[in-house]
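>>> turn this into a structure:
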Amino acid sequence: MAIPLRRVIVANSVALAPSFGALAGLYWSGTLAGRPALIAMAGIGVVTVFLVQRYLGSLARFARFVGELSDEREPVMPRLSFAPATEELATAAATLSLGWRRQRASIDNLAASAQAIVDGLPDPLIAVDRQRRVVRTNLAAGALLGPVGAERDLSTALRYPQLLSAVDALLETGPDGNFAGADQSAVEFVLAGPPEIDVVAHLRRLPRAAADGSLALIVLHDTTAQRRAERMRADFVANASHELKTPIAGLAGFIETLRGPARDDTDARERFLGIMAEQADRMRRLVDDLLMLSRIEQHEHARPDREIDLDRVLRGVLDLLQLKAAARGVGIELAVDADLPKAVGDHDELTIVFQNLIDNALKYARPATVVRVTAERAGPARVAVAVSDEGDGIPATHLPRLTERFYRVDTARSRQLGGTGLGLAIVKHVVNRHRGRLDIQSTPGKGSTFTVTLPAAG
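Alright, predicted model coming up:
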């Protein structure tokens, strides 16, 4: 390491000043003649410059040694014989650096252990600092929200005013600098989907900021299953009981008639037994659809990952419905792109989806018309299956509610055709589980088209 000239000049000037001052005093007092004084000054200057240069070299080696220690390297201890005190300082610095590295390794191990514990939590966790910036997240938070950049405001990851307001209230301080509010709170909100997720955010302020700056913890608890169960119970009480009331009342009336006035009437008995069988079958279909909807909703957040041949699925559904189509005098046409990629999904559930859609198309199509089923690419990573009929169509006011449980455009006609009011609700939840999309287009008097878009494999 080169020593700056200015430092050399200053160091030599400081070292030579006392000697030169003493010699000058002796000369001016007449004690020392001029020639001896000059010779003495020259000799002292040469020796001083030599010693100062060696001393400055020791200091430079000491500085280089300390710099290498600060870079977390392990340099060889330099020999600093011309600066014994500096050599002692170098030894102390090496000891301090070794202790710091050991302490740093211990801190890193503790931090890694803490992060491993945080990552092991099943619920998403986000830690924010006093400025509401994200400091730490766990794996569950990354899986739910995607990458959440550190040192960014919480609003970049969770844009929900009620949550942000609750965090601000938690971190708010009064005029005396102390926190003004409670140290914990809870907020309920819905994460946008599909599928939508009901969340309860539990907020907790730490007694003091952690080493990484964390001051508040946000734990997101998924309550979707609980809310869905509550909604399903309410739906069942409000709708299923109503749907079951009519066939049960009919069965009770027919049984009473068969026990009384029609006890010996063979024709009436046969007719009533046929109607009772239809009502019993209607109740069976309703219960089957409710159970199917419940099973699908329980696994709606577990995305399927198998590769499915849609051509095979569609042809299997058409084979099941050909007799029904022939009985109604409706034709079925299937058109599948030759280069159609496989879809990511569940074979049985996709069969249920297209069976419901094509069955509905057959029910509501006019006789002597054609139900068209097409499967094609819908962009670089999507496939689309469209089911079109030539029926009476659906008024625009009904379209937003078609996938609600038990919602019917024409209640009497739907029941007459054997519908339970749950088919499109089942379709919607299966499509949501597949991270797909259901689009409905309809023109009154011309027909309807139901399009299911799914992620493509590969």
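>>> if I read this right, residue 16 contacts residue 51, doesn't it?
No - using CB atoms under 8 Å, residue 16 is not in contact with residue 51; the gap is 10.8 Å. Backbone N, C-alpha and C define where each C-beta goes, glycine included.
>>> neighbour count for these two, which is higher?
residue 16 (16 against 13; other CB atoms under 10 Å).
>>> any weak-confidence spans in the protein?
Scanning the chain for pLDDT under 70 picks out 1-3, 12, 71-72, 74-88, 90, 105-112, 114-115, 232-233, 235-243, 408-420.
>>> helices of that one, residue ranges please.
For the chain, applying DSSP state H gives helices covering 5-28, 34-70, 84-119, 139-145, 161-171, 224-235, 241-259, 266-298, 310-328, 347-364, 411-416, 423-433.
>>> how about the ones you listed in a markdown table, adding distance to residue 205?
Converted to a markdown table, the helices of the chain look like this (distance: least, CB to CB, whole Å):
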| stretch | distance to residue 205 |
| --- | --- |
| helix 5-28 | 53 |
| helix 34-70 | 37 |
| helix 84-119 | 17 |
| helix 139-145 | 19 |
| helix 161-171 | 5 |
| helix 224-235 | 26 |
| helix 241-259 | 47 |
| helix 266-298 | 36 |
| helix 310-328 | 52 |
| helix 347-364 | 44 |
| helix 411-416 | 54 |
| helix 423-433 | 36 |
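>>> of these, which stretch is the most buried?
Neighbour counts (mean count of other CB atoms under 10 Å) averaged over each of those peak at helix 423-433, with a mean of 23.
>>> angle of that helix against helix 347-364?
150 degrees (axes from the mean of the first three to the mean of the last three CA atoms, to 10 degrees).
>>> what's helix 423-433 in contact with?
For helix 423-433, contacts defined as CB atoms under 8 Å, 6 or more residues apart in numbering pick out 193-195, 289, 292-293, 296-297, 299-304, 346, 349-350, 352-353, 356-357, 359-360, 402-405, 437-438, 450, 452, 454.
>>> also stretch 345-359?
Residues contacting stretch 345-359 (CB under 8 Å, 6+ apart): 292, 296, 304, 306, 308, 310, 313-314, 316-318, 320-321, 324, 332, 343, 371, 373, 385, 387, 423-424, 426-427, 430-431, 433-434, 450, 452, 454.
>>> send the alpha carbons of stretch 34-53 over as CSV?
The C-alpha coordinates for stretch 34-53 follow below in CSV (Å, rounded to 0.1, in the frame of the first residue of the first chain):
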residue,chain,number,x,y,z
GLY,A,34,27.0,26.7,12.5
ARG,A,35,28.8,23.9,10.7
PRO,A,36,28.4,21.3,13.5
ALA,A,37,24.8,22.4,13.8
LEU,A,38,24.1,21.7,10.1
ILE,A,39,25.9,18.4,10.2
ALA,A,40,23.9,17.4,13.3
MET,A,41,20.6,18.4,11.6
ALA,A,42,21.5,16.4,8.5
GLY,A,43,22.3,13.3,10.5
ILE,A,44,19.2,13.6,12.6
GLY,A,45,17.1,14.2,9.5
VAL,A,46,18.4,11.1,7.7
VAL,A,47,17.8,8.8,10.7
THR,A,48,14.4,10.3,11.5
VAL,A,49,13.2,10.0,7.9
PHE,A,50,14.3,6.3,7.9
LEU,A,51,12.6,5.6,11.2
VAL,A,52,9.4,7.5,10.3
GLN,A,53,9.2,5.7,6.9
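>>> for residue 453, see how far away residue 383 is.
Residue 383 sits 7 Å away from residue 453, going by CB to CB, to the nearest Å.
>>> so between the two, which is more surrounded?
Between residue 383 and residue 453, counted using other CB under 10 Å, the more crowded position is residue 383 (25 against 20).
>>> need the contact list for residue 299.
Contacts of residue 299 (CB under 8 Å, 6+ apart): residue 433.
>>> hang on, I meant residue 138
115, 118-121, 124-125.
>>> what do you get if the cut-off is 10 Å, keeping everything else the same?
Residue 138 sits next to 115-127, 219 when contact means CB atoms under 10 Å, 6 or more residues apart in numbering.
>>> do residue 300 as well
Counting by CB under 10 Å, 6+ apart, the residues that residue 300 touches are 193-195, 197, 224-225, 228, 429-430, 432-434.
>>> nearest residue to it other than its sequence neighbours?
residue 433 (4.6 Å; CB to CB, 6 or more residues apart in numbering).
>>> ok so, going back, so can I have JSON lines of the contacts of residue 138 showing distance to residue 24?
Putting these into JSON lines (distance: CB to CB, whole Å) gives the following:
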{"residue": "115", "distance to residue 24": "70"}
{"residue": "116", "distance to residue 24": "73"}
{"residue": "117", "distance to residue 24": "74"}
{"residue": "118", "distance to residue 24": "74"}
{"residue": "119", "distance to residue 24": "76"}
{"residue": "120", "distance to residue 24": "79"}
{"residue": "121", "distance to residue 24": "80"}
{"residue": "122", "distance to residue 24": "85"}
{"residue": "123", "distance to residue 24": "83"}
{"residue": "124", "distance to residue 24": "81"}
{"residue": "125", "distance to residue 24": "77"}
{"residue": "126", "distance to residue 24": "75"}
{"residue": "127", "distance to residue 24": "70"}
{"residue": "219", "distance to residue 24": "80"}
